[in-house]
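Novice: my questions concern the predicted model and sequence given below.
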Amino acid sequence: MAKNHRRSQKDPSLVFSQARKDPDAVSARGKKIIACGVFLVCVGFFVLTLTDPAGKNWASTVSPLLLVIGYAVIGVGIIIPDPLPTSPQPEN
């Protein structure tokens, strides 16, 4: 007879709720990282205003990098969790 895999699997909602209390919330560390990403994007758009039409100056090279890195940092900030609390070491 074949095994019934449904009985042997854990309920995914229980496993997920044990991993994070509120899965839709962004962590405090994530909010700081998102703020840094938004700052990088704003700087990228400001540097974009300094480019020349031919795209031959430094701003034409730096602004796309700042924009892409800023958006990547925002994405990382959304998914990064808070650090786990560490317990103090007992002294002898």
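Specialist: Thanks, I have the structure now.
Novice: list the contacts of the residue nearest the centre of the chain.
Specialist: Among the residues of the chain, the smallest C-alpha distance to the mean C-alpha position (C-alpha atoms, centre = their mean) belongs to residue 76, namely 1.8 Å. Applying C-beta atoms under 8 Å, 6 or more residues apart in numbering, one finds that residue 76 lies in contact with 33, 37. In this view, the C-beta of every residue, glycine as well, is placed from N, C-alpha and C.
Novice: which intervals of this protein have sub-threshold pLDDT?
Specialist: Across the chain, the stretches falling below the confidence threshold (pLDDT under 70) are 1-23, 92.
Novice: make it 50
Specialist: Counting by pLDDT under 50, the chain shows low-confidence ranges at 15-18.
Novice: hang on, the earlier thing: the residue nearest to the centre of the chain sits in which helix or strand?
Specialist: Under the assignment given by DSSP states H and E, the secondary-structure element containing residue 76 is helix 58-79.
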